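In: Need a 3D model of the sequence below.
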Amino acid sequence: MLSFRKRLALAHVSAIVVVMAIAAFASYLVFARNVHRELDAALLALAETEMGMLLSAGEGDTVIVHEAPPGPGAPSFVRLDRLVQIVDAEGRVLARSANLGEAQLPIPPVLRERLAAGETVFETLNGFGEEPTRMVSVPVRGRDNEKGQAPLLVVQVAGSLDDVNRTVAMASVLFVILGGALLLALGAAGALITRRAFGAIDDVVQQAHRIGDANLGERLPHPGTNDEIGRLVDTLNAMLARIEHGMEAQRRFTSDASHELRSPLSRLRTELELALRRPREPAAYVETLHSSLEEVESLTLLVEELLVLARLDAGQERDAVETVSLNVLAEEAVRRLEPMARERRLELLLEPAAPVAARVARGAASLALANLLDNALKFSPAGTTVRVSLRADAQANEAVVSVSDRGPGIRGDELPHLFERFYRGATARSDEKTPGLGLGLALSQAVVHAHGGRIEAANESGGGARFDMRLPLAR
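Out: Okay, the predicted model is just below:
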């Protein structure tokens, strides 16, 4: 099995060979045709000259142009090796050039018929003389005779194809030599470019092999260019950064989950050990069992939330999207949490709003809104109001559900970590009576993200915090 580098080089060379072969063959055909056309043009020009001289000659005179006329003047290097012959309609030779000797240019019956029809005929004579010969036959009408008829005469001019064939052969050899040289040059250039390109890729591959779980912070060396290799390195480095972030989040999540599970389990074990250390009254056992049940319920809630987060991370916890009326959804959430608000001496107020609908799974939106309301009720002081408002942001194409309270608000250094798993702010950590595991906001954000939305947090100008749940707006 050939490597990709060899297959690329082979494809490169094959493409060059095919293109060059086609180009060389086409050039050869054009060159050969042009050379033959030049010979035909020269033969025809000589025939037309002979025709003119034939028509201008007196009766009984025949002029044959086959050599340069003697006389003073500059020497000529023109080689006149043309064969000239004049025949009548019956094929009888009326005159011919001296260089024909005793030979006669052929004029078969088929040719005479074509000439009688007034056609100028070019043909190649094979086996005539020592060299291949090209001949043109041109019909011409002579002077009127006594009967008033103009007899048909034929001027035939022939020339050797030897020079033409030799020129075409030399051109063919030249094409082959130039093609071979060009093929070697392009092949060498392609091999050099391929070696450099794959050398950079090999460097990236070797460095990528050295990066593992223990050194995810390292990055691939950048070649310093913004070409395909540079963009590949940038993409791989960005992928490594995402993997590093994901691995770090996973390690932190595992550590936090272990810590959160260890605490209630430790408390549960301590209470059970104390209860079993010595005999106690039934009321003490009942109290221990109630306390243990609370710890078990806390553990159950933690495991359930972790399971939902794991399914969200795997893309499995996603219900069917539908058009949901947020007005009805908010009314139901407020009605469910109203007893908790009265217990904490809080007012839960749903502000009047125009109908707003979103494209989201009903269960996901209900869970996220319930967590936001529960979070607001936990941190609101008694006697204050938790407000729920709805609006449609047409410009952003989003439906917005806002939950605001009059609690202590959010510290500036806590905002970036607010939606991290198991993160609890300073207020929640300082107040041991405030229940929670630090998963509510993280779970709500993950659920909303899974359905194309997001949750934003900010502080109100008059005090307190505001959470905006933004969902895709339904038209």
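In: contacts and neighbour counts: CA atoms only from here.
Out: Noted.
In: for stretch 379-395, the distance to its chain's centre please.
Out: Stretch 379-395 sits 47 Å away from the centroid of its parent chain (CA atoms, centre = their mean, to the nearest Å).
In: neighbouring contacts of that stretch?
Out: Stretch 379-395 is contacted by residues 326-327, 330, 344-354, 356, 376-377, 398-408, 434, 473 when judged by CA atoms under 8 Å, 6 or more residues apart in numbering.
In: so where's the stretch 1-150 of the chain uncertain?
Out: Across the stretch 1-150 of the chain, the ranges flagged by pLDDT under 70 are 1-2, 57-80, 142-150.
In: typo on my end, it should be the stretch 151-300 of the chain
Out: 249, 253, 255-257, 259-260, 263, 298.
In: is it true that Arg406 touches Ala465?
Out: Yes: because the distance of 6.8 Å satisfies CA atoms under 8 Å, Arg406 is recorded as touching Ala465.
In: before we move on, back to that, buried ones among the contacts of stretch 379-395?
Out: 326-327, 330, 344-348, 350, 356, 376-377, 398-407, 473 (16 or more other CA atoms under 10 Å).
In: Tell me which entries of those residues lie within helices.
Out: Leu326, Asn327, Ala330, Ala376, Leu377 (DSSP state H).
In: you'd agree the second one is up against Val356?
Out: Yes: distance between Asn327 and Val356: 6.4 Å, which falls inside the contact criterion (CA under 8 Å).
In: Could you list the buried residues of stretch 176-191?
Out: Within stretch 176-191, the residues that count as buried by 16+ other CA under 10 Å are Gly179, Leu183, Gly187, Gly190, Ala191.
In: With stretch 197-209 instead?
Out: For stretch 197-209, by 16+ other CA under 10 Å, it's Ala200, Ile201, Val204, Ala208.
In: so how far is Arg210 from the first one?
Out: By that I understand Ala200. Taking CA to CA, to the nearest Å as the measure, Ala200 falls 16 Å from Arg210.
In: now swap in the second one and tell me
Out: Between Ile201 and Arg210 the distance, using CA to CA, works out to 14 Å.
In: hang on, the earlier thing: taking the buried residues of stretch 197-209 one by one, which sit in helices?
Out: Cross-referencing those against helices under DSSP H gives Ala200, Ile201, Val204, Ala208.
In: which residues touch Ala357?
Out: Counting by CA under 8 Å, 6+ apart, Ala357 has contacts Thr323, Val324, Ser325, Leu326, Asn327, Ala399, Leu473, Ala474, Arg475.
In: The third one pairs with what?
Out: Note on Ser325: beta-bridge partners Ala357, judged by DSSP bridges.
In: Could you pull up the residues touching it?
Out: Shown in contact with Ser325 (CA under 8 Å, 6+ apart): Pro355, Val356, Ala357, Ala358.
In: hmm, 10 Å instead?
Out: Ser325 sits next to Pro355, Val356, Ala357, Ala358, Arg359, Val360, Arg362, Ala474 when contact means CA atoms under 10 Å, 6 or more residues apart in numbering.
In: Sounds good, over and out.
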